[in-house]
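1. Turn this into a model:
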Amino acid sequence: MRGFLSLRLLNVNCFKILKYGLGFGFLLLLSGCGSKPISLMNAPLDLGLEAPIPPTPLELLTSKAFVAFVPVQFSENLSRYHKALSVSFVQSVLEEHGDLKIIEDVRVERALSRSQFSQLRDSLEQSKLRRFNDELIKQTIELGKWLRVRYIVLMRVQPSPEKVSSNDWSTFIRFRIYRVEDPVKNEMNHEFTFVFSESNNLWEELGGLVRGRFPLGGFIIESRANRAYVSINLGRRNRISVNQVCKIFRRVRKEKKGTNGNTISSIEFDRIGQLTLFSVQEDFSWGKVPSNFRSAILNGDAVRCY
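-> Purely as a prediction, here's the structure:
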């Protein structure tokens with residue numbers, strides 16, 4: 001009988017399990033320098049090795065974290081064209097390079113129309129995000145909690161003082177990304193000049209920063225040969241590649257006292273190892289775990305691919 005995680009996947013999506021089974025049947029590994037290749041299919045399946053907080057079926061299907069954009073604020077003297085391209089550039093980089101999925105603007109607008117967020121709505125109207133004060137941030141976090149997203153973004157776009165050619169244009173963009181779930185924190189604080197003619201270079205530059213802060217996240221769904229080889233639920237569709245190194249984390253529940261004396265429970269990630277990918281399929285991959293980390297690895301542990 002297969003492990004708990006494999007059964008979860010079977011219940012969620014039988015077709016994916018079939019692909020995993022067929023996939024590793026054709027993979028070949030080198031068990032050591034100079035040794036003969038062995039079929040991964042023949043490597044014994046590890047059973048009964050499950051993380052204390054295993055992934056839910058939804059987590060196995062949806063690897064991306066949801067993020068909401070508070071209505072982007074603009075200064076005067078910006079055309080609709082400049083506004084739209086500036087916003088779409090940042091949002092595209094976040095979705096393409098980060099473990100993020102931006103929710104629809106209509107959901108945010110609908111939430112802001114509620115009376116409980118009237119103060120935030122008024123603050124945005126008055127300040128246009130020229131500054132980020134503590135009360136505004138607190139209200140923004142509350143909006144994110146109500147929307148049930150992991151992150152929420154405050155962003156302002158204004159004309160750039162940088163001189164460009166007559167055939168080019170630029171804006172100055174400033175944004176902050178806050179983690180809504182406990183522990184609440186400012187995950188990213190960035191500002192830059194968006195020069196349209198340099199968008200390709202800016203894409204890679206900002207993308208590198210985003211990948212470092214919001215790496216692709218998945219889970220170990222199966223292991224073989226005493227955890228020497230593990231399968232994860234990330235693949236080509238997640239833009240990972242062969243020889244990429246992914247870090248492995250154990251999700252643990254931790255409790256601490258809040259300012260009001262109440263106990264606050266949160267899930268945190270303790271790093272326990274790493275793996276190197278050697279086979280990447282459309283929606284799953286196989287990686288090899290160094291020998292010094294194998295004893296700590298369990299099915300259901302989280303992985304982060306930077």
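
2. For the rest of this, base every contact and every neighbour count on C-alpha atoms.
-> Noted.

3. which residues in this protein form helices?
-> Taking DSSP state H, the helices of the chain run over residues 4-12, 14-25, 57-61, 80-97, 105-112, 118-127, 134-147, 199-213.

4. So which of those helices is nearest residue 225?
-> Shortest distance between residue 225 and those, using CA to CA, is found for helix 14-25: 13.2 Å.

5. avg pLDDT for the closest one?
-> Mean pLDDT, computed over helix 14-25, is 44.

6. Next: stretch 182-197.
-> Averaging pLDDT along stretch 182-197 gives 92.

7. Check which residues of that stretch are buried.
-> For stretch 182-197, a neighbour-count test (16 or more other CA atoms under 10 Å) marks 193-196 as buried.

8. right, and residue 247 touches residue 301 too?
-> No - assessed by CA atoms under 8 Å, residue 247 is found out of contact with residue 301, at 10.3 Å.

9. Looking at those two, which is more packed in?
-> The neighbour comparison of residue 247 against residue 301 (other CA atoms under 10 Å) goes to residue 301, with 25 against 17.

10. ok, now which ones touch that one?
-> 50-51, 54, 219-220, 248-251 (CA atoms under 8 Å, 6 or more residues apart in numbering).

11. same check, this time on residue 234
-> 217-218, 240, 283-285.

12. circling back to that earlier point, so for residue 273, which of the helices of the chain sits nearest?
-> Taking the helices of the chain one by one with CA to CA, helix 199-213 is closest: 17.6 Å.

13. Buried residues, that closest one. List them.
-> Quick answer for helix 199-213 (16+ other CA under 10 Å): 202-203, 206-211.

14. mind putting the residues you listed in TSV, distance to residue 112 and pLDDT included?
-> What follows is the buried residues of helix 199-213, written out as TSV (distance: CA to CA, whole Å; pLDDT from 0 to 100):
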residue	distance to residue 112	pLDDT
202	32	95
203	31	93
206	29	94
207	30	90
208	32	88
209	30	91
210	27	91
211	30	85
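
15. Same list (those) but as TSV, adding distance to residue 230.
-> What follows is the buried residues of helix 199-213, written out as TSV (distance: CA to CA, whole Å):
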residue	distance to residue 230
202	35
203	32
206	31
207	28
208	26
209	28
210	26
211	23
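
16. quick one: which two of those residues are the most distant?
-> Between all members of the buried residues of helix 199-213, the farthest pair (by CA to CA) comes out as 202 and 211, at 13.9 Å.

17. Against residue 171, how distant is residue 44?
-> 57 Å (CA to CA, to the nearest Å).

18. Neighbour count: the two, which is higher?
-> Between residue 44 and residue 171, counted using other CA under 10 Å, the more crowded position is residue 171 (21 against 12).

19. Tell me if I'm right that that one and residue 158 touch.
-> Yes - Residue 171 lies in contact with residue 158 (CA under 8 Å); the separation is 5.8 Å.

20. For this protein, which residues score under the pLDDT cut-off?
-> Scanning the chain for pLDDT under 70 picks out 1-39, 41, 62-63, 257-261, 264.

21. in the longest strand seen in it, what counts as buried?
-> As assigned by DSSP state E, the longest strand anywhere in the chain is strand 263-280. Under the neighbour-count criterion of 16+ other CA under 10 Å, strand 263-280 has 272-280 buried.
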